[in-house]
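Visitor: Sequence and predicted structure are below.
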Amino acid sequence: MNQSVYSVGQINQYIKRMVQQDFLLSSVYVKGEVSNCKYHTSGHLYFSLKDHTGVIKCIMFSGNRGGLKFQLEEGQKVIVLGKVDVYEVGGQYQLYAREIVLEGTGLLYQRYEQLKKELEERGLFDAMYKQPIPAYATKIGVCTAGTGAAIHDIITVSKRRNPYVQIYLYPALVQGAEAAKDIVNGIRCLDRMDLDVIIVGRGGGSIEDLWAFNEEIVAQAIFDCRTPVISAVGHETDTTIADFVADKRAATPSAAAEIASFEYAEFENKLYVFRQTLRYHINAQMEQRRSKTVNYENILARYSPQNRLETRRQHLSELETKLQERFYLKLDAHKQKPLVFVEQLKMQFQEQLRICRHRMEIYAEKMKGLSPLNKITRGFGFLSDSSGTPVHTINQISVGEPIDIMIQDGTIKTVVKEKEPAALFQEEDC
C-alpha cells in the first residue's frame with residue numbers, strides 16, 4: 001500500500017484549517033428557524049438552525065450572550081452572525097454565534113452595521129470633530145415630536161434647573177418614511193437660529209421605530225451642524241447612528257436636558273463665591289498697595305529737604321539753648337544783664353558779617369577785571385581756530401586758514417590773508 005494513511009484527528013485538523021482560511025466563513029449571517037434550543041448551566045446556548053434544505057448546529061458562548069436582547073425559543077425565525085468552524089472532537093462543523101436578532105429586524109440590523117462601519121471609516125465619529133457643549137446655555141433648540149413624553153421631559157427638566165432658559169421647538173416627524181427628511185430640515189432650521197445647543201431625539205421604541213435616526217442623511221446633517229448637538233434617542237440601551245455622530249450622547253431626553261441646561265441656583269452660588277473671592281483679592285491688593293504707599297511716604301519724608309531743614313532747625317535750637325545756658329553762666333559770673341550781653345553778641349555778629357560781605361565785593365571786582373568777557377566789551381575780541389582752540393600767537397595759524405573772532409554781540413568768521421609779527425616783540429626778541 002503506497003498511499004499515505006492519516007488518523008481521524010489529522011483529517012479533522014486539516015478540515016479545520018481549510019475552514020479557518022475561508023474569509024467568508026469567518027463572519028457570516030445565517031438565517032433559519034430555531035430548533036433544539038438548550039440553555040446550559042454553564043451559560044452557553046446550544047441550538048440548531050434549519051430550513052427546508054438542511055440543518056446547521058450552533059453554539060453561543062456565555063461571553064457573547066450579553067448582546068442577546070430576547071429569549072431564544074423553538075420555532076423563532078432569526079438571523080445569526082458568527083463564524084463557521086470545525087469541532088475536532090466530534091468531527092463536525094458548527095456555527096459559533098456572536099449576535100442573534102429576530103429575522104424581522106435582522107436586515108435592518110445588517111444595514112445598521114454596514115452604515116455604521118462606512119461612516120466610521122469616513123471619520124464622522126472621530127472625536128476631533130466633537131464640539132464642546134456650552135456650560136451655560138440659555139437658548140436650547142429641540143428637534144423632536146411636538147407632542148409626547150420626550151418634549152415634556154425636556155421642558156420639565158430644563159425649567160426645573162433653570163427657569164430662565166429659552167427652549168425653541170421644531171416639531172418634527174420622528175417615525176415613518178418621511179421622518180428622516182423632516183429631522184434634517186429641523187436640524188438645519190435650528191442651526192440657523194444662533195442657539196447655544198440643539199437636542200435631537202425621541203422616546204424609546206423598536207429598531208423600526210428608531211430607524212429614522214439611523215439614516216445617513218440625518219447623520220450627515222448632525223455632522224455638518226455648526227451648533228453643538230446632543231443626541232437623545234430612545235432609552236439607555238438603544239444606540240443609533242445619530243448617537244455616534246452627535247457631539248454628545250444622552251441616554252434619555254431627560255438626561256439630554258440635564259446636560260444642556262445648567263443649575264441656576266448652583267450658578268448663583270458660584271457667582272457669590274466668585275464675588276467674595278474677587279472682593280477679598282481686591283482688598284488684599286489695596287491693603288498691600290496702601291502699605292507700600294505709606295512706606296514710600298516715610299522714605300520720602302526721611303530724605304526730603306523739608307525734613308532735613310526741620311532736623312537742622314531742631315539742632316540749631318538745641319545749640320541756641322546750650323549757648324544761652326553758657327551765656328547765663330558767664331553773665332552770672334560777671335554780674336551782667338542778659339539782654340545787654342545778647343545785644344553785644346548781635347553787634348559782633350553783624351560786624352563780622354559786614355567784613356565778610358566787603359571782602360566778597362573786593363573779590364568780585366577782581367574777578368570782573370580778569371574776565372575775558374569784560375575785555376571784549378572794551379573793543380577786544382577772542383580769537384579761535386576752526387576747532388575752537390584759542391589763538392595766542394601767529395604761529396598757531398596759517399595763511400588761508402579760517403578763524404573766528406568773538407566780540408561783544410556775536411562772532412565774526414574770517415580767513416587769514418597775511419601774517420605779520422609785531423615790531424615790539426621783534427625788538428624784545430633781538
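Guide: Arrived safely, thanks for sending.
Visitor: Sketch out the strands for the stretch 201-350 of the chain, chain order is fine.
Guide: Using DSSP state E, counting those that start in this stretch, the strands of the stretch 201-350 of the chain run over residues 229-233, 248-249.
Visitor: tell me what the last one is packed against?
Guide: Strand 248-249 sits against strand 229-233, with contacts defined as 3 or more C-beta pairs under 8 Å, 6 or more residues apart in numbering; DSSP states H and E. To be clear about C-beta, it is placed using only N, CA and C from the backbone, and glycine gets the same treatment.
Visitor: Centre of the chain to the strand it packs on, how far?
Guide: Computed by C-alpha atoms, centre = their mean, to the nearest Å, the chain-centroid distance of strand 229-233 equals 27 Å.
Visitor: Helix, strand or coil: sort out the spatially most central residue of the chain for me.
Guide: The centroid of the chain falls nearest to P132 when counting by C-alpha atoms, centre = their mean (13.8 Å). What DSSP: H, G, I helix; E, B strand; the rest coil gives for P132 is coil.
Visitor: Tell me the buried residues in the longest helix along the chain?
Guide: Counting by DSSP state H, the longest helix found in the chain is helix 264-303. Residues of helix 264-303 include none that count as buried (16 or more other C-beta atoms under 10 Å).
Visitor: ok now that helix, how far from the chain's centre?
Guide: Distance, centroid of helix 264-303 to centroid of chain: 25 Å (C-alpha atoms, centre = their mean).
Visitor: what residue ranges in the protein are flagged as low confidence?
Guide: Along the chain, the model assigns pLDDT under 70 to residues 1-3, 104-107, 324, 326-342, 369-379, 423-430.
Visitor: which residues in it form helices?
Guide: Taking DSSP H as the criterion, the chain carries its helices at 8-20, 23-26, 103-122, 149-161, 179-191, 216-224, 241-245, 253-260, 264-303, 305-334, 338-370, 372-376, 423-429.
Visitor: Other residues contacting the shortest one?
Guide: It stands for helix 23-26. 19-20, 83-85 (C-beta atoms under 8 Å, 6 or more residues apart in numbering).
Visitor: same thing but 7 Å
Guide: For helix 23-26, contacts defined as C-beta atoms under 7 Å, 6 or more residues apart in numbering pick out 19, 83-84.
Visitor: Ok, stretch 209-225 next?
Guide: 108, 112, 115, 119, 124, 174-175, 179-180, 183-184, 187-188, 191, 198, 200, 229, 233-234, 238, 240-242, 245-246.
Visitor: Filter these down to the buried ones and express that as a PyMOL selection.
Guide: A single PyMOL command selects the buried members of the contacts of stretch 209-225 (16+ other C-beta under 10 Å):
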select buried, resi 108+112+119+124+174+179+180+183+184+187+191+198+200+229+233+234+238+240+241+242+245+246
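Visitor: and the angle for the longest helix of the chain with helix 149-161?
Guide: On the basis of axes from the mean of the first three to the mean of the last three C-alpha atoms, to 10 degrees, helix 264-303 is oriented at 30 degrees to helix 149-161.
Visitor: Looks like F262 contacts P163 (just checking).
Guide: No - F262 is beyond contact range of P163, at 11.8 Å (criterion: C-beta atoms under 7 Å).
Visitor: neighbour-wise, which of these two wins?
Guide: Using other C-beta atoms under 10 Å as the criterion, F262 and P163 rank with F262 on top: 19 against 9.
Visitor: end-to-end on stretch 39-51?
Guide: 22 Å (C-alpha to C-alpha, to the nearest Å).
Visitor: who touches that stretch?
Guide: In contact with stretch 39-51 (C-beta under 7 Å, 6+ apart) are residues 30, 32-38, 55-62, 65, 72, 80.
Visitor: Show me those residues that map onto strands.
Guide: Of the positions in the contacts of stretch 39-51, 30, 32-38, 55-60, 80 sit in strands, assigned by DSSP state E.
Visitor: Farthest pair within those residues?
Guide: Comparing every pair within those by C-beta to C-beta identifies V30 and K38 as the most remote, at 18.6 Å.
Visitor: The two: who's more crowded?
Guide: V30 (16 against 10).
Visitor: Tell me the bridge partners for that one.
Guide: V30 has these beta-bridge partners by DSSP bridges: V80.
Visitor: Does it touch L81 like I think?
Guide: No - applying C-beta under 7 Å as the test, V30 and L81 come out as separate, 8.1 Å apart.
Visitor: now the residue nearest to the centre of the chain: how far from S26?
Guide: P132 sits at a distance of 40 Å from S26 (criterion: C-beta to C-beta, to the nearest Å).
Visitor: same thing with A145?
Guide: Distance from A145 to S26, by C-beta to C-beta: 42 Å.
Visitor: Same drill for those two, tell me which one is more crowded.
Guide: Neighbour count, other C-beta under 10 Å: between A145 and S26, A145 has more, with 19 against 13.
Visitor: so the more buried one makes contact with R202?
Guide: Yes - contact criterion C-beta under 7 Å: A145 and R202 qualify, at 6.2 Å.
Visitor: so what's in contact with these two at the same time?
Guide: Counting by C-beta under 7 Å, 6+ apart, the residues touching both A145 and R202 are V174.
Visitor: and the residue nearest to I198 when sequence neighbours are not counted, what does it touch?
Guide: With C-beta to C-beta, 6 or more residues apart in numbering as the criterion, I198 has its nearest non-adjacent residue at 4.2 Å, and that residue is G141. Taking C-beta under 7 Å, 6+ apart, we find G141 in contact with 168, 170, 190, 193, 195, 198.
Visitor: Next, the buried residues of stretch 235-254.
Guide: Buried residues in stretch 235-254, defined by neighbour count with 16+ other C-beta under 10 Å: 238-254.
Visitor: so which of the contacts of G141 comes closest to N298?
Guide: For the contacts of G141, the nearest to N298 is L195 (59.8 Å; C-beta to C-beta).
Visitor: And for that closest one, the neighbour number?
Guide: 20.
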